[in-house]
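[1] quick one, structure for this:
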Amino acid sequence: MEFNNTISYDVDNSAERMDEILNAGNDNFSDKDSVPLRSTLTYTNGFYLNVTSVLSISWDLQI
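    Okay, the predicted model is just below:
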């Protein structure tokens with residue numbers, strides 16, 4: 001069975017999209033109390049989060 005999964009690539013459209021993303025301002029960030037759904041994150045928005053982590057290491061050394 002043979003598949004043809006080719007997609008036409010337009011360099012000019014890609015460059016315009018990259019310029020749009022890179023030139024986006026920092027004004028589209030919002031504060032969140034928890035990590036938002038991945039589907040709400042885009043290339044032109046962002047979130048400020050308060051994150052805490054705990055690291056627990058247990059050693060069981062037998063000599």
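[2] for the spatially most central residue of the chain, report the pLDDT, please.
    Nearest to the mean C-alpha position of the chain, by Cα atoms, centre = their mean, lies Leu41 at 6.7 Å. Note on Leu41: pLDDT of 87.
[3] chain neighbours aside, what residue packs nearest to it?
    Phe47 (7.2 Å; Cβ to Cβ, 6 or more residues apart in numbering). Where you see a C-beta, it was placed from the backbone N, CA and C, and this is true even at glycine.
[4] who's in contact with Asn45?
    28-30 (Cβ atoms under 8 Å, 6 or more residues apart in numbering).
[5] how far away from the center of its chain is the host helix or strand of the residue nearest to Leu41?
    Element membership for Phe47 (DSSP states H and E) is strand 46-49. With Cα atoms, centre = their mean, to the nearest Å as the basis, strand 46-49 stands 11 Å off its chain's centre.
[6] quick one, helices of this protein?
    For the chain, the helices defined by DSSP state H occupy 11-22.
[7] picking that back up, identify the residues contacting the strand holding Phe47?
    Against strand 46-49 from outside (Cβ under 8 Å, 6+ apart): 28-32, 34-36, 41.
[8] same check on stretch 17-29?
    43-48.
[9] what's the mean pLDDT across it?
    Stretch 17-29 comes out at a mean pLDDT of 85.
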